[in-house]
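[1] just coords:
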């Protein structure tokens, strides 16, 4: 147990070490860094502008107002942005394997997972995070939410569990590349697709689809269920209210799956070679 | 750890080899297209019946034709690949099981690809490695100073790796691999693409490191000068099997080697026809005669002097290149059963 | 420097697994956006002059055009940027017209491949899942094909200009990002241009990016008839001409720069 904790501590320290190194590198090109970050802010903001344009044609989507949809959008984009910041480049695993540069990581006394997470850590992703946070905060201000203590607590809960779910999805999407050595296109469908999905109320989808998004690919827990609680809305499908608190369980299970798949993946790589 | 490790063991000491390979085999599954739709899968054995040990402090050459299994062996020794059968042990650890623990004790230089971070200046790379490998400050500073001097890294320390030439990068890779005083260093084609001067400097550096720090070195290379200048022991692998493991001298006997007698006749003559010798080349008064390496040159010279007026002659030993080539293509060696 | 359409066609067909993954992604996004639009048109059944069937068809046309028109980036013009950085382009520059022609031919070949794979496949999936609208007659289909071709040429012109920035800029990632974003937004991929409020929609429909998706989509959906149909093609052809002229001017400028600086 003790060695497990010290190993985790070592891994975290190394992750921060590598991330700091990449930040320093990007700071040497400071003008470029600022431009890219600001660029990210506006580029990702276009998604929200798209939503705003939709709302110039309608008053509500599936019974949700503009500020409510903005709340959903902000939560989803924030979780994706945070996950992307922490380990966005893990999806380049397939490319690394094909180029033969993955072996250099196996030769170092560091977990390859940590190395891949920190690989080319891009602080410029703060651009997306800032934009998402901006929309999120604006929507909270615009909405007339009855802020009970539990609702307030639900906000960091939403961001926390949502981010972990995306972290796990990114990891699984990358680990699959141990077997396919392909690009991240497939995993993008789940991560970026998932985030796009979560920008809108899930009530626009058929009931069966939402069940799948709850029990199969738990994207519903990223922000939909916690948001129902915060916005004080009954579940449009009549699903049990307890789901609105179950995000942590979904995140934990998915993380477990991600850890297993990653481990299997590295073992597969070592057994078959590249 | 203090200044390096003990060099070669004293006579009479019982030691466990630092690298132990027993009965190791590695198979690969290769999928090939057979016709438009179907694919066949076949098993290719990259390495089989590999048995050898390397003592601490040895500098061993590991050579063989392309595809013989050299890279596969190195990958198994470093923990990148798992063997299909057999046992491996490096510094008392099983590579693929205790990968990160072993990684602290080894250094690797991949000739074709760098292990350095592309965008970082060398100085920052070394600093990062210092922390990853947990090298004590004083040790790090001493090593860095030594390597900077021996490998002439001074002007390069603040250049991003991306902007270095191949030779400069190779020197950086070498320093990076040795910074943490590893017990074993694997060098995969370290002199490839380097000019003559750089190669000589690199070899000096390796010799010195091996001598002063007792670092075990396993060197794979296609440049046989590397072997001749650095290694007292060479292992030859061919088609996945170890076909030779011993000193350089013994290597000559293995191949179908021949020596060359270069004779300068007083007057140009037609191609000589002498028993036991083959005339390779005629250029004016000079002729090249080839004869078996294990035969004495004396009878040949006597026969030559009897029939022709000789102005001068010299004997060329078979170079290791020719020896190796003949091993690679030799029909003498039993081919492994398919 | 011989490039026939067939050669560039085959080069892209080797990435088969990546293409399948890409088609999957297209389908996922297509489905997601379809449900979103269904909710929008349920609220406002005639938004932007479209009905819900128009909107759903538009989604799949968008997914089809995404790769065909190389909206994010890619295509033959990336080769140009690489050659500029490596310096090999100095040789190519002496004949700016044929250089353009060569890259254009390559890009059309690539677009053909992408249309047939990343274009057709998701559309078939979309048609199985949703009720879509199809062209009324063969003439409309033919004009649509022409419109798609012109969309590729307009896109080629824009991408060529972006790649040519490599002659002057050391780091072109900013320009490429900006171009990709403009393409995605102003082509109507994010939201159809017909939904843009007020004058923003009118301005957007005059920009070259409208040729990428909105114009061909309107042709397919039968929103442009008679003279208007010809006008649509004319719009795309006009932008093609303007952009190709700009490209050759830029290439001539670049040629002078290269000659002066010695490559």
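    Thanks, I have the structure now. Fair warning: this is a prediction, and the values are worked out from it, not measured in the lab.
[2] what kind of secondary structure is residue B:152 in?
    What DSSP: H, G, I helix; E, B strand; the rest coil gives for residue B:152 is coil.
[3] I figured it was touching residue B:201, is that so?
    Yes - assessed by Cβ atoms under 8 Å, residue B:152 is found in contact with residue B:201 at 7.4 Å. For glycine as for every other residue, the C-beta is placed from the backbone atoms N, C-alpha and C.
[4] hang on, residue C:223 packs against residue C:49?
    Yes - if you go by Cβ under 8 Å, residue C:223 and residue C:49 touch, sitting 7.3 Å apart.
[5] more neighbours: which of these two?
    Counted by other Cβ atoms under 10 Å in any protein chain shown, residue C:223 and residue C:49 do not tie: residue C:223 has more neighbours, with 17 against 11.
[6] what sits against the more buried one?
    C:49, C:54 (Cβ atoms under 8 Å, 6 or more residues apart in numbering or on different chains).
[7] model confidence at it, what's the number?
    Looking at residue C:223, its pLDDT stands at 90.
[8] give me the phi and psi for it.
    Phi and psi for residue C:223, reported as degrees, to the nearest 10, are phi -80, psi -20.
[9] same check, this time on the one 4 residues further on
    In this entry, residue C:227 is assigned phi and psi values of phi -60, psi -30 (degrees, to the nearest 10).
[10] tally of neighbours for it?
    Count around residue C:227 with other Cβ under 10 Å applied: 9.
[11] now it: how far from chain A?
    28 Å (Cβ to the nearest Cβ, to the nearest Å).
[12] show the pLDDT at that residue.
    Looking at residue C:227, the pLDDT reads 88.
[13] my guess is residue B:247 contacts residue B:235. True?
    No - at 11.1 Å, residue B:247 does not count as touching residue B:235 under the criterion of Cβ under 8 Å.
[14] these two - which one has more neighbours?
    Higher neighbour count among residue B:247 and residue B:235: residue B:235, with 22 against 11, using other Cβ under 10 Å.
[15] quick check: which element contains that one?
    Assigned by DSSP states H and E, residue B:235 belongs to strand B:233-238.
[16] and if you look at residue B:203?
    Per DSSP H and E, the secondary structure element for residue B:203 is helix B:196-213.
[17] in that helix, what counts as buried?
    For helix B:196-213, a neighbour-count test (16 or more other Cβ atoms under 10 Å in any protein chain shown) marks B:198-199, B:201-203, B:205-206, B:209-210, B:213 as buried.
[18] name the helices or strands packed onto that helix?
    Applying 3 or more Cβ pairs under 8 Å, 6 or more residues apart in numbering or on different chains; DSSP states H and E, one finds that helix B:196-213 contacts strand B:59-63, helix B:137-150, helix B:166-178, strand B:216-220, helix B:224-230.
[19] got the buried residues for stretch C:129-136?
    Applying a neighbour-count criterion of 16+ other Cβ under 10 Å, one finds C:130, C:132-133 buried in stretch C:129-136.
[20] am I right that residue B:312 sits in a helix?
    No - looking at residue B:312 with three-state DSSP, it is strand, so not inside a helix.
[21] okay, the angle between the helix holding residue B:203 and strand B:59-63?
    With axes from the mean of the first three to the mean of the last three Cα atoms, to 10 degrees defining the directions, helix B:196-213 sits at 130 degrees from strand B:59-63.
[22] helix B:196-213 - what's its average pLDDT?
    88.
[23] contacts for it, please.
    Residues from elsewhere that reach helix B:196-213, judged by Cβ under 8 Å, 6+ apart: B:3-5, B:7, B:57, B:59, B:150-152, B:167, B:170-171, B:174, B:178, B:181, B:187, B:190-191, B:194, B:215, B:217, B:219, B:223, B:225-226, B:229-230.
[24] and those residues, which are buried?
    In these, burial by neighbour count holds for B:4-5, B:57, B:59, B:150-151, B:167, B:170-171, B:174, B:178, B:181, B:187, B:190-191, B:194, B:215, B:217, B:219, B:223, B:225-226, B:230, counting by 16+ other Cβ under 10 Å.
[25] filter those residues down to the ones close to chain A.
    When Cβ under 8 Å from any Cβ of the partner chain is applied, no member of the buried ones among the contacts of helix B:196-213 is adjacent to chain A.
[26] in the stretch 151-300 of chain B, where is pLDDT below threshold?
    Across the stretch 151-300 of chain B, residues meeting the criterion (pLDDT under 70) sit at B:252-257.
[27] could you do chain C as well?
    Residue ranges of chain C with pLDDT under 70: C:1-15, C:94-97, C:260-263.
[28] can you name the residue of it nearest chain B?
    Taking Cβ to the nearest Cβ, chain B has its nearest neighbour within chain C at residue C:16, 12.1 Å off.
[29] that residue - how many residues pack around it?
    Neighbours of residue C:16 under the rule other Cβ under 10 Å: 10.
[30] one more: residue B:28?
    Residue neighbour count, defined by other Cβ under 10 Å, stands at 15 for residue B:28.
[31] residues in contact with residue A:227?
    Residue A:227 sits in contact with A:71-72, A:75, A:158, where contact means Cβ under 8 Å, 6+ apart.
[32] over to it. Which of the three states is it?
    helix.
[33] got it, and residue B:280?
    If you use three-state DSSP, then residue B:280 falls in the strand class.
[34] before we move on, what about the one 10 residues further on?
    For residue B:290, the reduced secondary structure class is strand; criterion used: three-state DSSP.
[35] if it is in a bridge, with which residues?
    residue B:260, residue B:278 (DSSP bridges).
[36] how close does it get to chain A?
    Applying Cβ to the nearest Cβ, the value for residue B:290 to chain A is 43 Å.
[37] that residue touches residue B:259, doesn't it?
    Yes - assessed by Cβ under 8 Å, residue B:290 is found in contact with residue B:259 at 7.3 Å.
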